[in-house]
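Engineer: following is a predicted model, sequence given first.
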Amino acid sequence: MADKKEQSNANQQNVEPDLNQLLKVRREKLATLVEAGKNPFEIMKYDVSHHSGEIKENYDTLEGQKVSIAGRIMSKRVMGKASFCTIQDLKGMMQCYVARDSIGEESYAEFKKYDIGDIVGIEGEVFKTKTEEISVHASCVLLLTKSLQILPEKFHGLTNTDIRYRQRYVDLIMNQEVKDTFVKRSKIISSIRKYLDQQGFMEVETPMLVPNAGGAAARPFDTHFNALDEDVHLRISLELYLKRLIVGGLERVYEIGRVFRNEGLSVRHNPEFTLLELYQAYTDYYGMMDLCENVYRHVANDVLGTTLISYEGVEIDLSKPFARLTMVEAVKQYAGVDFATISTVEEARKVADEKHVHYETRHKRGDILNLFFEQFVEEELVQPTFIMDHPVEISPLAKRKPTDPDYTERFELFITCREMANAFSELNDPIDQRGRFEAQEELKALGDEEANSIDEDFINALEVGMPPTGGIGIGIDRMVMLLTDSAAIRDVLLFPTMKTIQ
């Protein structure tokens, strides 16, 4: 925004102020400061004693005390010899009273020329105005950074979602709830780490550039490593390297890191996202269920102070034991089809045709069961529910159930109709693992770009010997969506993937 005189002239002409002219005025103001030897971009540091929130929370002890705060000017009212401005810092807003007699005539003349968006440092005493608003009575005002752009009009804010995502820095300035979401995101990740560290897990790091992108059903991003003259991929999962560490004797490991999947964009999907994967020796998928429940409860209590949360107007209770259903039971309950009575792929195709479930020629009985689940069940799973015992065809890294080798000891957690976690009793039989990889290679040959490839080094690790192990992957972004009541994954990613504007 321009200063008061510029805005007044524009109003008198009854036309919108010319944006280019306003930008020009800001640069002229900067040039004037530079010529006077007061270039704000040359200021190296400013000592901040308090943030706005701290001053408000501790007013009883800070009243009359001198403080120094810094932030961005969000509003300004000039009234002759005295003015008010509101500055925004990390903790919120603080009103400041700026009087000519307190800061000096020259400084006050400069202050009157400051623009909305400028970053200032203010020293002064804490007091309350006649309207009981906690404020700072300025004794010194210093321009720390000159803003050369125009912030959105404060009453209408920044509402265009495309601009919000592309210019997140402006979004954070103009929308306090956005800033609150990302502060909570940081606290959520910190809380997860704290909980796992207390449980004896060790945080590790594994490669992002890999020769074989395995551990999930996804199409990878491909690139070329010039120094080695080799094609490599961005990882789609953390799994295979973490399990190598279990083989090496690190009994409890986890990683929170970015993974990359060359897939579409939606309210639930971004091609790069943050994943927590952990592996624990000498336990199984039941142990992972208990851990998963405990992580969600701990984080909700730690960050939100409650396990009773609201998501898009629906109350979600994380305190109760999460429901547990096998995939067969869930499909029977919601689709009315009992796959326990279906033993061949021909029977599965017949019932799929009857229920209008689309399948492909390569799909086997277990694949079709999963298609039924996706079409009829997922949309029903609002409250926390573990869907257990997935068919072996869609679970190439999970142990078979000893009582029924057509199924695996695998579960997915669903909350608000979204998959929130995926876990196995990890397959540690190298012979079975090679057979599963070979089956995936056959699918890849048939055109399935998401199928896994044989990872010889991983099989070698299993041949060295991996103890019985439970493993789980939890999508951090979807957890943050749930705990911040955010409708889209882009709302919880500081810089979501966007198509480049040409």
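Structural biologist: Good, I have the coordinates.

Engineer: make it CA atoms for all contacts and neighbour counts henceforth
Structural biologist: Fine.

Engineer: poorly predicted segments of the stretch 251-400 of the chain, please.
Structural biologist: Scanning the stretch 251-400 of the chain for pLDDT under 70 picks out no residues.

Engineer: can you show me the helices along it?
Structural biologist: Secondary structure of the stretch 251-400 of the chain (DSSP state H, counting those that start in this stretch): helices at 285-299, 327-335, 345-354, 365-372.

Engineer: please apply the same query to the stretch 401-502 of the chain.
Structural biologist: 430-445, 456-464, 476-484.

Engineer: pull the residues that contact the longest helix belonging to the chain.
Structural biologist: When the chain is parsed with DSSP state H, its longest helix is helix 176-198. With contact meaning Cα atoms under 8 Å, 6 or more residues apart in numbering, helix 176-198 is reached by 171-173, 202-203, 295, 298-299, 302-303, 476, 480, 484, 491-492, 494.

Engineer: and these, which are buried?
Structural biologist: If you count burial by 16 or more other Cα atoms under 10 Å, the buried members of the contacts of helix 176-198 come out as 171-173, 202, 295, 298-299, 302-303, 476, 480, 484, 491-492, 494.

Engineer: in JSON lines: the helices of the stretch 251-400 of the chain, plus distance to residue 139.
Structural biologist: As requested, the helices of the stretch 251-400 of the chain are exported to JSON lines (distance: least, Cα to Cα, whole Å):
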{"stretch": "helix 285-299", "distance to residue 139": "43"}
{"stretch": "helix 327-335", "distance to residue 139": "68"}
{"stretch": "helix 345-354", "distance to residue 139": "77"}
{"stretch": "helix 365-372", "distance to residue 139": "69"}
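
Engineer: quick one: distance of stretch 436-456 to the chain centre.
Structural biologist: Here stretch 436-456 is found 31 Å from its chain centre; the criterion is Cα atoms, centre = their mean, to the nearest Å.

Engineer: start to end distance for it?
Structural biologist: 13 Å (Cα to Cα, to the nearest Å).

Engineer: which residues touch it?
Structural biologist: So stretch 436-456 is in contact with 212-220, 362, 396-397, 434, going by Cα under 8 Å, 6+ apart.

Engineer: any buried residues in it, and which?
Structural biologist: So for stretch 436-456, counting by 16+ other Cα under 10 Å, buried means 436-443, 448, 450-455.

Engineer: give me every residue that touches the closest residue to residue 287 other than its chain neighbours.
Structural biologist: Take residue 287 and drop its neighbours on the chain: the residue closest to it by Cα to Cα, 6 or more residues apart in numbering is residue 470, 7.0 Å away. Residue 470 makes contact with 279-285, 287-288, 423-426, according to Cα under 8 Å, 6+ apart.

Engineer: and the two most separated of those?
Structural biologist: The span of the contacts of residue 470, defined through Cα to Cα, is set by 282 and 423 at 14.7 Å.

Engineer: those two: which has the busier surroundings?
Structural biologist: residue 423 (26 against 14; other Cα atoms under 10 Å).

Engineer: on that earlier part again, dump the contacts of residue 470 to TSV, plus distance to residue 126.
Structural biologist: Listed next are the contacts of residue 470 as TSV, based on distance: Cα to Cα, whole Å:
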residue	distance to residue 126
279	52
280	53
281	57
282	59
283	57
284	58
285	57
287	54
288	52
423	54
424	57
425	60
426	60
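
Engineer: just the buried residues of the residues you listed.
Structural biologist: 279-281, 283-285, 287-288, 423-426.

Engineer: send the alpha carbons of stretch 134-152 over as CSV?
Structural biologist: The C-alpha trace of stretch 134-152 is given here as CSV (Å, rounded to 0.1, in the frame of the first residue of the first chain):
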residue,chain,number,x,y,z
ILE,A,134,-1.8,-4.1,25.7
SER,A,135,0.7,-2.0,23.7
VAL,A,136,4.3,-0.8,23.4
HIS,A,137,5.0,2.9,23.8
ALA,A,138,7.8,3.4,21.4
SER,A,139,11.0,5.2,22.3
CYS,A,140,12.9,4.1,19.2
VAL,A,141,11.6,2.9,15.8
LEU,A,142,14.1,1.4,13.3
LEU,A,143,13.3,0.4,9.7
LEU,A,144,15.0,-3.1,9.3
THR,A,145,13.7,-4.0,5.8
LYS,A,146,11.9,-2.0,3.2
SER,A,147,9.0,-3.9,1.5
LEU,A,148,9.0,-3.2,-2.2
GLN,A,149,5.8,-5.2,-2.9
ILE,A,150,2.2,-4.6,-2.1
LEU,A,151,0.4,-6.9,0.4
PRO,A,152,-3.2,-7.9,-0.3
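
Engineer: before we move on, the earlier item: so which of the helices of the stretch 251-400 of the chain is the most packed in?
Structural biologist: The highest mean neighbour count among the helices of the stretch 251-400 of the chain, using mean count of other Cα atoms under 10 Å, belongs to helix 365-372: a mean of 22.

Engineer: dump that one to PDB, keeping only the CA atoms.
Structural biologist: The C-alpha trace of helix 365-372 is given here as PDB (Å, rounded to 0.1, in the frame of the first residue of the first chain):
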ATOM      1  CA  ARG A 365      -8.500 -63.100  -7.200                       C
ATOM      2  CA  GLY A 366      -6.700 -61.100  -4.500                       C
ATOM      3  CA  ASP A 367      -6.500 -58.100  -6.800                       C
ATOM      4  CA  ILE A 368     -10.200 -58.200  -7.400                       C
ATOM      5  CA  LEU A 369     -10.900 -58.500  -3.600                       C
ATOM      6  CA  ASN A 370      -8.900 -55.300  -3.200                       C
ATOM      7  CA  LEU A 371     -10.900 -53.600  -6.000                       C
ATOM      8  CA  PHE A 372     -14.100 -54.400  -4.100                       C
END
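
Engineer: tell me what that helix is packed against?
Structural biologist: Helices and strands touching helix 365-372, by 3 or more Cα pairs under 8 Å, 6 or more residues apart in numbering; DSSP states H and E, are helix 327-335, helix 345-354.

Engineer: can you list contacts of it?
Structural biologist: With Cα under 8 Å, 6+ apart, helix 365-372 has contacts from 327-328, 331, 335, 339, 343-345, 348-349, 352, 357-359, 390-394.

Engineer: and if you look at stretch 482-502?
Structural biologist: Contacts with stretch 482-502, where a contact means Cα under 8 Å, 6+ apart, come from 165-166, 168, 178, 181-182, 184-185, 266-272, 300, 304, 309-312, 477-478, 480-481.

Engineer: now the buried members of those.
Structural biologist: Applying 16+ other Cα under 10 Å to these flags 165-166, 168, 178, 181-182, 184-185, 269-272, 300, 304, 309, 477-478, 480-481 as buried.

Engineer: quick one, what contacts the closest residue to residue 204 other than its chain neighbours?
Structural biologist: Leaving aside its sequence neighbours, residue 204 sits nearest to residue 255 (Cα to Cα, 6+ apart; 5.5 Å). Residue 255 makes contact with 203-206, 238, 275-278, according to Cα under 8 Å, 6+ apart.

Engineer: show me which of those residues are buried.
Structural biologist: The neighbour count (16+ other Cα under 10 Å) marks 238, 275-278 as buried among these.
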